[in-house]
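Engineer: Show me how the following folds:
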Amino acid sequence: MVESEWQHLEQRFSHIQLGSWIVMPNHIHGIIHLIQSEIVQHPFENVDLLKPLEQFGSSIPGSIPTIIRSFKSSVTQQHQNLYRDYSTKLWQRNYYDPIIRGETDLENIHEYILDNPRKWAEDENFLR
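Structural biologist: Reported below is the predicted structural model:
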């Protein structure tokens with residue numbers, strides 16, 4: 001369910017390309033590349049910078065937070081429909097989203113993702 005929805009993100013958001021990713025028993029790691037598009041070229045074109053403060057936290061179409069929110073929501077809906085379980089919390093509130101600032105950062109994160117399954121038994125959340 002999680003893998004399928006992650007792979008489907010490129011179809012839902014045409015301005016992204018998925019990089020390395022892995023689904024673990026209790027978390028997921030993935031790289032999302034923002035590719036050239038109107039959203040990336042003109043990120044503030046449709047944003048009213050003079051909106052009142054109560055608008056803080058509003059969704060920006062195509063942004064990483066919007067993509068992640070959509071992904072989590074889709075997986076949750078599928079889980080609820082399949083298991084009729086509406087009480088289990090599937091996701092933690094936040095997520096870690098560092099900006100990858102170059103090839104070295106990208107390679108380090110890529111290696112971390114690929115090594116994650118091998119290191120799972122050492123994880124503090126490993127379910128024995």
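Engineer: just the helices in this structure please.
Structural biologist: For the chain, the helices defined by DSSP state H cover 2-12, 38-41, 64-83, 103-119.
Engineer: Give me the buried positions along the last one.
Structural biologist: Residues of helix 103-119 classed as buried by neighbour count (16 or more other C-beta atoms under 10 Å): Ile109, Ile113, Asn116. Every C-beta, even on glycine, is put in place using the N, C-alpha and C of the backbone.
Engineer: and what of the first one?
Structural biologist: Along helix 2-12, these residues count as buried under the neighbour rule (16+ other C-beta under 10 Å): Val2, Glu5, Trp6, Leu9.
Engineer: on that earlier part again, adding pLDDT and distance to Ser63, write the buried residues of helix 103-119 out as a markdown table.
Structural biologist: Shown next, in a markdown table, are these (pLDDT from 0 to 100; distance: C-beta to C-beta, whole Å):
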| residue | pLDDT | distance to Ser63 |
| --- | --- | --- |
| Ile109 | 96 | 20 |
| Ile113 | 95 | 22 |
| Asn116 | 91 | 26 |
